[in-house]
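Fold the stuff below for me.
(one chain, ligands or ions: 2)
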Amino acid sequence: MYTTRFLDVPPLDSVAGTVRLPGSKSISNRVLLLAGLCEGETVIDGLLASDDTEVMLQALAALGCTVERSGEAVCIRGIGGELPVREADLFLGNAGTAMRPLTAALAVLAAVHGGAFRLHGVARMHERPIGDLVDALRAIGCRIDYEAAPGYPPLRIGAAPSGLHALDAIRVRGDVSSQFLTALLLALPLATAGGSSARISVDGELISKPYVGMTLQLLERFGIAVERDGWQRFTIPANSQYRSPRTLRVEGDASSASYFIGAAAIAAGGQPLRIEGVGLDSMQGDIRFVDAARAMGAQVDGGAGWLEVRRGTLPLRPIDLDCKHLPDAAMTLAVLALFAEGTSRLTGIASWRVKETDRIAAMATELRRIGAAVETTDDSIAITPPAEWRAGAIKTYDDHRVAMCFALAAFSRCAGAAPALPVRILDPRCVGKTFPDFFEALFGVAAARPDDIPVLTIDGPTASGKGTLASAVAARLGYHLLDSGAVYRAAALAASRAGVDRDDEPALADLAARLDLRFGADGVWLGGDEVGESLRLEAIGSLASRISAWPRVRRALLDIQLAFHRLPGLVADGRDMGTVVFPVARLKVFLTASAAQRAERRYRQLISRGISANIDSLRADLEARDARDQSRSVSPSRPAPDALLLDNSALSIEDSVEQVLAAWQARTPFG
Ligand SMILES: Nc1ncnc2c1ncn2[C@@H]1O[C@H](COP(=O)(O)OP(=O)(O)OP(=O)(O)O)[C@@H](O)[C@H]1O
Ligand SMILES: Nc1ccn([C@H]2C[C@H](O)[C@@H](COP(=O)(O)O)O2)c(=O)n1
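Ligands and ions are numbered 1, 2, ... in the order given. Below is the predicted model of the structure:
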């Protein structure tokens, strides 16, 4: 997951390959609650690992459920309708799918068994209405108090003064959020143990019916057969008891699929994009996004658990759609509208106003930011594509879906934007709510023109701080990092281990061409050995300097370095990054510091690692190394003509990083 302040998504052109979706958030949190209320164990496979499921898991554990994780599966031992823990303070973040059902379940349990519970979340959660659900629960005798503003969390739930009653005439509003009805359906089987059935009538037209359909299907998997009269009346039979299905697999998230369906609908490539984890047989309402995408021009095939999508008509056909039944995926349609020939109108989206943010306002502001003309009403949005695209830094309002759907704006070239523009996603970490690795998944299937993938190079002499600066800058931008010195050092280490003479150019080049080198989160691997420490030995640095003077060795190591040039961008450090390997780099820094400073820094670096060193001989060695690196015939270490010269002798690491980031920012369209 990207945890940077922003992520610049370069102009994207095509998509191909396979993307595997994370589990559905809506199914995951429903199943977790049902498993928590059951007796015995339920093993849930494919559960979404995200902020929203994490708060639900923590709440269940706090309430006395046993939660065991093993790989992708989670085993829940439920409380079996009892209430082993009678007091708890539950923080539920911004997870509506945890707040609403837990409110209902705890209110009913506390009414039956007694107890005291506090449910709260982040600031936005305290602005999301829950009054209609609380009213429905109070009407059957539950004790729920608002801690602050009436109608909103935080809530305090306590024992019911006179038990539960009026179960045969429960009323709930259905036209604001279907989650209130879902919460009652999930929790009220607990109230039927005394022999009464529970009857719920819905006031107003029920929105998001497919989500309620999903609730009913999942209840059935857990042994609760709800009788339904249209979408207005629901009856939970007397003495209903949750029965664990023992094992259950969570479908991939259909709303998450919408971003990839959308990408494949507009991207070039010719190949279909395969999406695994959710298919045309899905129980999720947002699978209807497929119909909307088809209506706009996408070609979509699918079966059980898979979809294949390719571009059909482009520009897309504008769409005029009532989105009551697919409120989440409809946000993706709003961005796809940028690629349509004419104005698209999405109606029935009043519920957007009370989601993670006011989504109608947020979408309108951000679509306008990149050049679209947008009109809104209380429950609709109309989008006319940009006459001229603008590079936008998209505010995401702590809303995962805003972040994910606006990534599609990076395909602006497919809408004819010239030049094609990158899109900056502010606070990309918000995707952690439902799809922590969303951007990694996107970059895994999307391709950009090489010139569009940004590179920042940092060259300079030994111990000038290139590596330190490069890794800090890469971390701040969310870019890949190439330590090209480590590539030459690995070749030197391999040569030293194989006993190859440092002057035997053909043998060295042959060895370099066969180098089995892997850089990973788990270290640097040469063959089967982790060699991170060995590469940093001074002797290996010196040998690297010598063998790197051979043209054939340099050529043999070129592809390893070029392979780092991947989405979303690269920071590369070395000697010839800006001059030879990445001459098109957008920013080339040549970093220097006085020899005295560099020797001092290297000395301190070695001593801190417990390696003894002599500062004078270190200085002599690094000066000799610099002289060799600067005077060799191929790729000598020298600044590119367009390099930014930075002497950091008197700068802190943080100051150097800020200076380079400022220079980088000035070279982006977001400057
Ligand atoms: N601006 C700075 N001020 C003070 N110390 C610094 C600065 N930049 C880097 N250093 C320190 O200098 C030491 C050497 O830095 P680093 O290893 O990044 O250099 P390098 O140029 O990558 O070296 P090499 O060429 O050997 O790979 C590190 O201990 C680092 O913390
Ligand atoms: N792009 C590069 C990177 C490194 N080298 C050579 C020259 C250096 O002395 C040696 C070790 O590099 P370091 O880890 O100290 O940055 O490798 C090169 O020729 N070209």
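
how close does residue 511 get to ligand 2?
15 Å (CB to the nearest ligand atom, to the nearest Å). Where you see a C-beta, it was placed from the backbone N, CA and C, and this is true even at glycine.

hang on, that residue is in a helix, isn't it?
Yes - membership of residue 511 in a helix is supported by DSSP: H, G, I helix; E, B strand; the rest coil.

Tell me, how many residues neighbour it?
19 (other CB atoms under 10 Å).

what's the spacing between it and residue 216?
65 Å (CB to CB, to the nearest Å).

which secondary structure element contains the residue positioned nearest the centre of the chain?
By CA atoms, centre = their mean, the mean C-alpha position of the chain lies nearest to residue 436, the distance being 3.2 Å. Assigned by DSSP states H and E, residue 436 falls within no helix or strand.

Please tell me the pLDDT value assigned to it.
Model confidence at residue 436, given as pLDDT, is 94.

Now it: closest residue in space that isn't a chain neighbour?
residue 1 (4.2 Å; CB to CB, 6 or more residues apart in numbering).

Number of residues surrounding the one you found?
15.

That one reaches residue 429, doesn't it?
Yes - using CB atoms under 8 Å, residue 1 is in contact with residue 429, at 6.4 Å.

how many neighbours does residue 470 have?
29.

Please apply the same query to residue 450.
Residue 450 has 11 nearby residues by other CB under 10 Å.

Within range of ligand 1, give me the residues from the stretch 451-600 of the chain.
462-468, 485, 541 (CB under 6 Å from any ligand atom).

Show me those residues that map onto helices.
466-468, 485, 541 (DSSP state H).

Against ligand 2, which of those make the cut? List them.
485, 541.

would you turn the ones in helices among the residues of the stretch 451-600 of the chain next to ligand 1 into a markdown table with pLDDT?
Shown next, in a markdown table, are these (pLDDT from 0 to 100):
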| residue | pLDDT |
| --- | --- |
| 466 | 97 |
| 467 | 96 |
| 468 | 97 |
| 485 | 97 |
| 541 | 93 |
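
Widest-spaced pair of the ones in helices among the residues of the stretch 451-600 of the chain next to ligand 1?
468 and 541 (15.5 Å; CB to CB).

who wins for neighbours among the residues of the stretch 451-600 of the chain next to ligand 1?
In these, the most neighbours by other CB under 10 Å go to residue 464, 28 neighbours.

pretty sure that one is in contact with residue 598, am I right?
Yes - if you go by CB under 8 Å, residue 464 and residue 598 touch, sitting 5.9 Å apart.

Show me which residues of the protein sit near ligand 2.
Residues of the chain lying near ligand 2 (CB under 6 Å from any ligand atom): 462, 484-485, 488-489, 541, 544-545, 548, 574-577, 625, 629.

between those residues, which is closest to residue 519?
residue 484 (11.1 Å).

check contacts around that closest one.
561, 572-577, 581 (CB atoms under 8 Å, 6 or more residues apart in numbering).

Now for whichever residue of the stretch 1-150 of the chain sits closest to ligand 2, how many residues are close by?
The minimum distance from the stretch 1-150 of the chain to ligand 2, using CB to the nearest ligand atom, falls at residue 10 (23.7 Å). Using other CB under 10 Å, residue 10 is surrounded by 21 other residues.

same check, this time on the one 3 residues further on
Residue 13 is flanked by 18 other residues according to other CB under 10 Å.

surely the residue of the stretch 1-150 of the chain closest to ligand 2 meets residue 450?
No - contact between residue 10 and residue 450 fails when scored by CB under 8 Å: they sit 10.3 Å apart.

and for those two, which residues touch both?
Counting by CB under 8 Å, 6+ apart, nothing touches both residue 10 and residue 450.

next helix or strand past the one helix or strand residue 506 maps to?
According to DSSP H and E, residue 506 maps onto helix 505-513. Counting by DSSP H and E, the next helix or strand C-terminal to helix 505-513 is strand 517-520.

From the chain's centroid, how far away is that next one?
Strand 517-520 sits 24 Å away from the centroid of its parent chain (CA atoms, centre = their mean, to the nearest Å).

can you pull the contacts of residue 444?
17, 19.

Tell me how far it lies from ligand 1.
30 Å.

Residue 56 now?
Distance from residue 56 to ligand 1, by CB to the nearest ligand atom: 42 Å.

So that residue sits against residue 95, correct?
Yes - using CB under 8 Å, residue 56 is in contact with residue 95, at 6.7 Å.

higher neighbour count, these two?
Ranked by neighbour count (other CB under 10 Å), residue 56 and residue 95 place residue 56 first, with 29 against 26.

and that one, that's in a helix?
Yes - read with three-state DSSP, residue 56 is one of the residues of a helix.

Now do the contacts for the closest residue to ligand 1 within the stretch 301-450 of the chain.
With CB to the nearest ligand atom as the measure, residue 450 is the residue of the stretch 301-450 of the chain nearest to ligand 1, at 25.9 Å. By CB under 8 Å, 6+ apart, the residues touching residue 450 are residue 565.

Could you do the one 4 residues further on as well?
Counting by CB under 8 Å, 6+ apart, residue 454 touches 8, 10, 479, 568-570, 586.
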